[in-house]
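Participant: coords please:
(chains A and B)
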Amino acid sequence: MDMEHQSVGCTGGAESVLGIQPNSSITIAYHPLFGPHNDLSLLEIDEKLIPDILQQRVTIRGQPDEDAVLCTQSKTYAVKFVGTSNSVFLIPPSDKAMQECNEKDDKSIPVASVIKVAPGSIELVEVAPKIDKLKILLSQNPFSFDDASNMDISDEREKMNTGLYKWDDLVDKVQASNEELRSGLRALSAVEIDGYWRILDDKYMDMILNMLLHDAILNDWSLNALNEDEVLGALETDGFPRNIAMHCFQVYGSKVQVRVGGSCVWRLEERCICVHFAREILKRGKMKMETFMAEWIRKVPDGMHASFDMLEGEVLTEKLGIETLVYYFSVSSLPSTPAERFSILFRERPKWEWKDLQPYVRDLRVPGLSAEALLLKYTRRSQPTVDAEPVFSAR
Amino acid sequence: MQIHVKCGCGEGNCPEWAIVELQGTVEAQPSFQNSLQNLQIGILCRQSQENYTFSVGYHELTGAKVTLKKPMLVLKKIKLQNEEEMGERDINSLRVELDVIGIIRHKILFKTRPKALISKPQPAIKEKVTRQVP
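Facilitator: Residues are numbered from 1 along each chain as shown, chains lettered A, B, ... in the order given. Next up is the predicted model:
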């Protein structure tokens, strides 16, 4: 192959290659700085993501031992390098400083310079965020009564700062977009306390809720119309920090009215409260249905009605002779990746009817896979007779 | 850790880069293999509206300009050396940023096998190429 050092010609770049006119030519040469340039890479990207990139809202996240993901504000993408056996000559735009055309030398044709031969490009595939890690991180050091009583003593707090994460720490450690991370924090009922994102210890949550219900009885407050200022004030006197008492409202209640002058009115949500007490009772383990129901109905606050269908996705039942046993099995404690989720579900119970299974799989999201496709992929559906309910088992 | 993807060129102003792509590899004569810089690879010629040829040595490739289905961004890895951090921690704390320095929307793609040019190319290559037009 005959190649000569190019000494003449005006230095063109990408624009000369792309804008070449019919019946004209351009010399392609290696750039004076041609080399492997491992710091340069190509990222194939959907047109709709370009504004995100240009507005600098995109980051690559992951620990050194994890496969990197690219996050926009709302979505997470797996990053895959795809190699090519073609020769991909990469031609940058001409460097204005170097572009010195010799106007007199008409005969010379322009030269475009190849800076690098690209070995391939990076492609993006939308994936579900790896949000389960958030729960693992926040479970290391849940906010408990000890934290609350030490809140004012800064020395004590310094010692307890292990396993505490600020927003920036979470962004560094969890492979999820900002929106996905925020919704993950909401799903865990996490709260920001002194800059750290915490989940509240079950016992502490139970204690504060019981105190609130107790105060309501004492003060003759309606659980459907709780005055925010009054309740937070009362809880504060009981030793519960205001921001955490507020968090209790957000977890167990909903705002019904914003009053002029600032104070809000909240209603406690029957389902949230009832599920809370069911969970507290079932912490002791499996129990007979009748025993459970009797205790549960007794425990929920006056005016609230516990009904078994509230416990969809929270408890399972099993038959033992003529008895029905009930036990705690919450969808919130299961992994969010389908393979792991189904594996645990089928270990728990080899065969599932749809009405039982549905509450445990309806929250699964995999980009590009519908709910039906998920079931098809991870379960075997059988129907003993034509009019029987379909049964799902492991594949 | 987090790597920010930055773009200094501002919206709509990202400089466009070009790709010339062909099957297989271009090999330089052994004597040039370690000093490819400035070496001419070949002549790209737009024969007509759609037809492009790329003559490399005695070979001629025929191809076309194609618009990429999805654009590609040219990223440059920038190492941010924070001296305070470097002192305290190990190499893992070396912070990195990715800078978007260009966008690629088109490439000139040669996907055919090369056709041998029978006559020995003359120094004025442009003339040679035009002679090949049937």
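Participant: and the helices in chain B?
Facilitator: B:83-88, B:125-131 (DSSP state H).
Participant: phi, psi for residue 23 please.
Facilitator: Since you didn't name a chain, this refers to chain A. Backbone torsions of residue A:23, given as degrees, to the nearest 10, read phi 60, psi 30.
Participant: and the residue of the stretch 201-350 of chain A nearest chain B?
Facilitator: Nearest residue of the stretch 201-350 of chain A to chain B (C-beta to the nearest C-beta) works out as residue A:336 at 21.6 Å. (C-beta placed from N, C-alpha, C; glycine too.)
Participant: same question for the stretch 251-395 of chain A.
Facilitator: Of all residues in the stretch 251-395 of chain A, residue A:368 sits closest to chain B, at 16.2 Å by C-beta to the nearest C-beta.
Participant: that residue and residue A:128 touch, don't they?
Facilitator: No: contact status for residue A:368 versus residue A:128: not in contact, 10.1 Å apart, counting by C-beta atoms under 8 Å.
Participant: buried stuff in stretch B:14-24?
Facilitator: Of the residues in stretch B:14-24, B:14, B:15, B:16, B:17, B:18, B:19, B:20, B:21, B:22, B:23 count as buried by neighbour count, 16 or more other C-beta atoms under 10 Å in any protein chain shown.
Participant: need the max-distance pair from those residues.
Facilitator: Farthest pair in these (C-beta to C-beta) is B:14 and B:23. Separation: 28.6 Å.
Participant: longest strand of the chain?
Facilitator: If you meant another chain, say so; for now it's chain A. strand A:76-91 (DSSP state E).
Participant: should've been chain B
Facilitator: strand B:59-80.
Participant: near chain A at all, that strand?
Facilitator: Yes: using C-beta under 8 Å from any C-beta of the partner chain, strand B:59-80 reaches chain A at B:65, B:68, B:70, B:71, B:72, B:73, B:74, B:75, B:76, B:77, B:78.
Participant: can you pull the contacts of the most centrally placed residue in chain B?
Facilitator: Central residue of chain B (C-alpha atoms, centre = their mean): residue B:19, 4.3 Å from the mean position. Residues in contact with residue B:19 (C-beta atoms under 8 Å, 6 or more residues apart in numbering or on different chains) are A:88, A:89, A:90, A:91, A:118, B:104, B:106, B:107, B:108.
Participant: quick check: mean pLDDT across stretch B:114-129?
Facilitator: Taken as a whole, stretch B:114-129 has an average pLDDT of 59.
Participant: pretty sure residue A:245 is in a helix, no?
Facilitator: Yes: counting by DSSP: H, G, I helix; E, B strand; the rest coil, residue A:245 is found in a helix.
Participant: mind listing what residue A:161 touches?
Facilitator: Going by C-beta under 8 Å, 6+ apart, residue A:161 touches residue A:196.
Participant: from chain B, how far off is the residue nearest to residue A:176 when sequence neighbours are not counted?
Facilitator: Closest residue to residue A:176 apart from its sequence neighbours, by C-beta to C-beta, 6 or more residues apart in numbering or on different chains: residue A:129 at 3.3 Å. Separation of residue A:129 from chain B (C-beta to the nearest C-beta, to the nearest Å): 14 Å.
Participant: and residue A:129, what are its phi and psi?
Facilitator: phi -70, psi 150.
Participant: is it possible to get a markdown table of the buried residues of stretch B:14-24 that adds pLDDT?
Facilitator: What follows is these, written out as a markdown table (pLDDT from 0 to 100):
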| residue | pLDDT |
| --- | --- |
| B:14 | 85 |
| B:15 | 91 |
| B:16 | 93 |
| B:17 | 96 |
| B:18 | 96 |
| B:19 | 97 |
| B:20 | 97 |
| B:21 | 96 |
| B:22 | 94 |
| B:23 | 91 |
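Participant: out of those, list just those in strands.
Facilitator: B:18, B:19, B:20, B:21, B:22.
Participant: and these, which is closest to residue A:279?
Facilitator: For these, the nearest to residue A:279 is residue B:19 (58.9 Å; C-beta to C-beta).
Participant: what's the pLDDT at the nearest residue to that closest one once chain neighbours are set aside?
Facilitator: Leaving aside its chain neighbours, residue B:19 sits nearest to residue B:107 (3.7 Å; criterion: C-beta to C-beta, 6+ apart). Note on residue B:107: pLDDT of 96.
Participant: isn't residue B:107 right next to residue B:65, touching?
Facilitator: Yes: contact criterion C-beta under 8 Å: residue B:107 and residue B:65 qualify, at 7.4 Å.
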